[in-house]
Structures are given as C-alpha cells and as structure tokens.
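>>> kindly generate the corresponding structure for this input.
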Amino acid sequence: MRPSSTGSFVAWRIALSAPLFLLAFVVSYISFVRTPEGQRWENEVLAAGGRGPGLLLRDEDSGLLELMNDRPLLIGAVVGVILVALVGRRWWAGLAALVATGLTVACSQVLKLSLLERPRLGAGRFLPSHNSFPSGHVSLAMALVLALLLVLPSRLRVLAAVPGALWVATVSTATMEAGWHRLSDTLGGGLLAAAVCCLLVGVLLAVGQARRVVRRPSPIGLTLGWLAAVAAVGWFVLRYTGADATPTDIAMAAAQSASVLIVLAVTALLRSIELLAPVAATERAAAPPAGPPPLPGPLPGQRRVASAEELNYYRQHLVP
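The predicted model follows:
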C-alpha cells in the first residue's frame, strides 16, 4: 500500500455520490408514492400477496424481522463494529460508523412519521394508506452493513460487502412479504443509508482523517464484486422478462437487486480510500534518514582533521 494525498477525482467522486443517492431517493418517492400510476402498481403488488389491514405476519418472515427488532442484538452488532474499528486503530472510522448508523435510523423515522406523507390518489383504498416510506428495517440493515465497510481495511471490504448485500436483500424482501412495506420503501431505506455514509466519508476527507491509497485491486475481490453485480442484474432481468412473472415477482426481484447494487456501489466508491489520517509532516520529518548511519565524531581530547593535506599525511605516516 502506498499512501498519497487525496486526488481531485476521488474527492469529486465522494462529493457527488451523496447528492446522487439523495436524488435517487427523491425520484423513488415521487415516482411510486406521489403519482397515481406508482401507487396503483405498488398496491396491486400488495394486494396480490393477500396483505391488508389486520392480516397477521407470516411465520417464516417473523423470525428475521424479529431479529431486526431485538434491541440487545442490534446493540451488540453496533458494539462489534466499534470493536473492529478499535482493533484496527481506526478511531475516526469507528466514530463515523456510529454516527452513520444513528443518523440513518433517526432520519428514516423523522421522514416517515413527520415529514413525508402518502396521499390518497384513488388507488387501492382497501389497503393501508399510511406513509411507510422509507423502510426503517431496511435503513437499519443497510446502515449496519455500510458501517462495517467503513471500519474495515479497503482490501477486505468486498469480502464483507457481498454477504452483507445478500443480507440486506433478504431483509428487504421479508418486509415486503410480511406486508409491512412496498418496493419504494425498501429502495428509499437503502438509498438513504448510502447517502449518509458517503456524506460522512466526505467529511472525513475534508478534515484530513482519510487518505487515498494506491494498490492493485484484489483479483478475488474484483471477481466477487462483478459476479454479485451481474447476478443481481441478471436475476431482475430474468424475473422481469419471464413469461409467468407476476407484479409481485418483479417487485421482489427489484428489491433484492437494488439492495445488492447499492451496497456494491458504495463499496466501489470507497475502494481507494482508507479511513486513516495521513501521516503528518512533522512525523515524516522526524523519521530516521535512509542510508548508512553517519560516522562518529572525534573522541574527547581529539580534534578534527583540518585539511586534505593533513589527512594525507596521517594516512602515509600513521596508517600501517
């Protein structure tokens, strides 16, 4: 690994990523929640699954979602992320991971319960009409995975990103199968967590607590990342173009694929960034100089050779 100053391309890449994720968040909300066509399609998916007011949660969904509601388990997950940061001596990365998780959960709840609304546009009146955008469960799941990526070294992020992305995809579909959330809710939760993560990384870059590293990409990491991305897109295309594909199948495949792609996109954005402060100039100046050590000076009571002629005289008469 060879550290260097943060290049302008990397700085711009991080600076633009958070607004782009927020833009995708807004587009998802407007397209599915604020238009009659979007509401009609999502309500058809919800109705096709037999979900509605008063319906009970399916047993196979309740296990995973109950884990997401288990506060001691979630606190343990956050503590585990902090321990990884402490072991790697990534103090600021651990703080950023903690702030990112808390800020994502807080923003999702404020947006869902106070700021955003789902208006009645004449479609699916028999279905729940309260606002559920964005999903708090998906926001939390995505925030935990991205927090782990923040505290890991760059060479290990893809190895954690692929299983983390699959876990977020499972949580997304579980909330939809349970009738708790629609497709737009899962998209909003994932995009919100990604925007907060990139925003905090940009702050660390601005205050000098992150640096750019130049290293050859790991063949294993690149292979896993590309395979996961191709599989996510291929799975959605397969379900979308299938002759027997239903709106529910398409919505589930879209939620799974989007979750995987969001995690991989954040991983790619952070691929050349280490959340460690650059070496200070004073520390570099205090480092021992390269090369052989200097010759010792004269002993007590001795003097230095005054000239080259005197040195030649000593060599001729005193050195055997």
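>>> contacts, neighbours, all on C-alpha from now
OK.
>>> just for the protein, where's the confidence low?
1-11, 48-64, 66, 69-70, 122-129, 214-217, 277-306, 314, 317-320 (pLDDT under 70).
>>> for it, longest helix please?
In the chain, taking DSSP state H as the definition, the longest helix is helix 8-33.
>>> list the buried ones in it?
10-11, 14-15, 17-18, 21-22, 24-25, 28-29, 32-33 (16 or more other C-alpha atoms under 10 Å).
>>> what helices and strands are in contact with it?
helix 36-48, helix 183-206 (3 or more C-alpha pairs under 8 Å, 6 or more residues apart in numbering; DSSP states H and E).
>>> partners of the helix or strand that the last one is followed by, with directions?
Pointing back at helix 183-206 there. Next helix or strand after helix 183-206 toward the C-terminus (DSSP states H and E): strand 211-214. Under the criterion DSSP bridges, strand 211-214 sits next to strand 2-4 (antiparallel), strand 273-274 (antiparallel) in its sheet.
>>> about what we covered before: out of the helices and strands packed on helix 8-33, deepest packed?
helix 183-206 (a mean of 25; mean count of other C-alpha atoms under 10 Å).
>>> now the angle between helix 8-33 and it, please.
Counting by axes from the mean of the first three to the mean of the last three C-alpha atoms, to 10 degrees, helix 183-206 lies at 160 degrees to helix 8-33.
>>> OK, contacts around residue 262?
Residues in contact with residue 262 (C-alpha atoms under 8 Å, 6 or more residues apart in numbering) are 190-191, 194.
>>> for residue 90, find the nearest of the helices and strands packed on helix 8-33.
Nearest of the helices and strands packed on helix 8-33 to residue 90, taken as C-alpha to C-alpha: helix 183-206 at 11.9 Å.
>>> check which helices and strands that closest one sits against.
By 3+ C-alpha pairs under 8 Å, 6+ apart, helix 183-206 packs against helix 8-33, helix 91-110, helix 136-151, helix 247-269.
>>> repeat that with 6 Å
helix 8-33, helix 136-151 (3 or more C-alpha pairs under 6 Å, 6 or more residues apart in numbering; DSSP states H and E).
>>> now that helix and helix 247-269, what's the angle there?
Using the same axes, to 10 degrees: helix 183-206 against helix 247-269 is 0 degrees.
>>> now do helix 183-206 against helix 36-48, angle only.
Using the same axes, to 10 degrees: helix 183-206 against helix 36-48 is 110 degrees.
>>> just the CA atoms of helix 183-206, as PDB, please.
Output in PDB follows, covering the C-alpha atoms of helix 183-206 (Å, rounded to 0.1, in the frame of the first residue of the first chain):
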ATOM      1  CA  LEU A 183     -40.900  -1.700  -3.100                       C
ATOM      2  CA  SER A 184     -40.400   2.000  -2.900                       C
ATOM      3  CA  ASP A 185     -40.000   1.800   0.900                       C
ATOM      4  CA  THR A 186     -37.100  -0.600   0.600                       C
ATOM      5  CA  LEU A 187     -35.500   1.500  -2.200                       C
ATOM      6  CA  GLY A 188     -35.700   4.600   0.000                       C
ATOM      7  CA  GLY A 189     -34.200   2.900   3.000                       C
ATOM      8  CA  GLY A 190     -31.200   1.700   1.200                       C
ATOM      9  CA  LEU A 191     -30.600   4.900  -0.700                       C
ATOM     10  CA  LEU A 192     -30.900   7.000   2.500                       C
ATOM     11  CA  ALA A 193     -28.300   4.900   4.300                       C
ATOM     12  CA  ALA A 194     -25.900   5.100   1.300                       C
ATOM     13  CA  ALA A 195     -26.300   8.900   1.100                       C
ATOM     14  CA  VAL A 196     -25.500   9.300   4.800                       C
ATOM     15  CA  CYS A 197     -22.500   7.000   4.600                       C
ATOM     16  CA  CYS A 198     -21.000   8.900   1.700                       C
ATOM     17  CA  LEU A 199     -21.700  12.200   3.300                       C
ATOM     18  CA  LEU A 200     -19.700  11.300   6.400                       C
ATOM     19  CA  VAL A 201     -16.800   9.900   4.300                       C
ATOM     20  CA  GLY A 202     -16.700  13.200   2.500                       C
ATOM     21  CA  VAL A 203     -16.500  15.000   5.900                       C
ATOM     22  CA  LEU A 204     -13.600  12.800   7.000                       C
ATOM     23  CA  LEU A 205     -11.800  13.600   3.700                       C
ATOM     24  CA  ALA A 206     -12.400  17.300   4.300                       C
END
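>>> residues in contact with that helix?
With C-alpha atoms under 6 Å, 6 or more residues apart in numbering as the test, helix 183-206 has contacts from 14, 18, 21, 25, 100, 104, 133-135, 138-139, 142-143, 172, 210.
>>> if we only consider these, which is nearest to residue 310?
Nearest to residue 310 among the contacts of helix 183-206, with distances taken as C-alpha to C-alpha, is residue 210, at 56.3 Å.
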